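Asks: I would like the atomic coordinates for the input below:
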Amino acid sequence: MKRNRFYPLTFIAMSTLLLSTVACSGSKKLITSGGVHALHIGDPMPPVGTDRLRGHAVRDTFVEQGDYQWREIVVSYRKGKVYLEEDFYGSEVLSRVRVYTPELSLRNGLHVGMAVSDLSAKATDWTLVPLPDYNLVDAYSRTMPRIHFLIDDPSISKTGSWEDYKMDQLAPTAKITAIVVL
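Replies: Residues are numbered from 1 along each chain as shown. Below you'll find the predicted structure:
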């Protein structure tokens, strides 16, 4: 008789554990070489006037730099923002995603706010490109195609030829300020 009483409790406990595991794994927010969540490079941009996207507040805007202008959707997260951008030709196609929040990460665990030492541990074939207008260094590797890491390292000069820069020149504690998917 006592055995029968424990069976439903065990079943409920195991069901709750299974459901919470499924819920947690489904809610993991990943950055991939194709984009973020269900938004992939090459997909249509969300419609103008969208106010929420995947549960997050959204702001629609245009960016102008020099002779170029493009549409940008700013998605607000608790700890930062994600920028969804079209190309320069107004095609309404998602062409770049810039992640400025640690709430999203790559499958290998890399996310905004981590140090260069963490980045160096994931690949060895890094190419560094100085971005002096933004006071950043762009780091990318063939190991992670279409993914770029923007690094803020005030100790490195950002005015030389990009072929001269090596990963070991960056301070190991320099932070990843953004992850960009192209």
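
Asks: so where do the strands sit in this protein?
Replies: 30-32, 35-36, 39-40, 52-53, 56-65, 68-77, 80-86, 94-99, 105-106, 126-131, 136-141, 147-152, 175-181 (DSSP state E).

Asks: residue closest to the middle of this protein?
Replies: residue 99 (3.9 Å; Cα atoms, centre = their mean).

Asks: isn't that residue right up against residue 84?
Replies: No - Residue 99 is beyond contact range of residue 84, at 10.2 Å (criterion: Cβ atoms under 8 Å). All C-beta spots, glycine's among them, are computed from the backbone N, C-alpha and C.

Asks: What about residue 152, how many residues nearby?
Replies: 16 (other Cβ atoms under 10 Å).

Asks: how many neighbours does the closest residue to it other than its chain neighbours have?
Replies: The shortest distance from residue 152 to any non-neighbouring residue, by Cβ to Cβ, 6 or more residues apart in numbering, is to residue 177 (4.8 Å). For residue 177, the count of nearby residues is 17 (other Cβ under 10 Å).

Asks: List the residues that contact the residue nearest to residue 61 when sequence neighbours are not counted.
Replies: In this structure, residue 61 finds its nearest non-sequential neighbour in residue 72, 5.3 Å apart by Cβ to Cβ, 6+ apart. Residue 72 makes contacts with 60-63, 83-86, as judged by Cβ atoms under 8 Å, 6 or more residues apart in numbering.

Asks: now residue 92
Replies: Counting by Cβ under 8 Å, 6+ apart, residue 92 has contacts 44-45, 71, 86.

Asks: Apply 10 Å and report the result again.
Replies: 44-48, 71, 86 (Cβ atoms under 10 Å, 6 or more residues apart in numbering).
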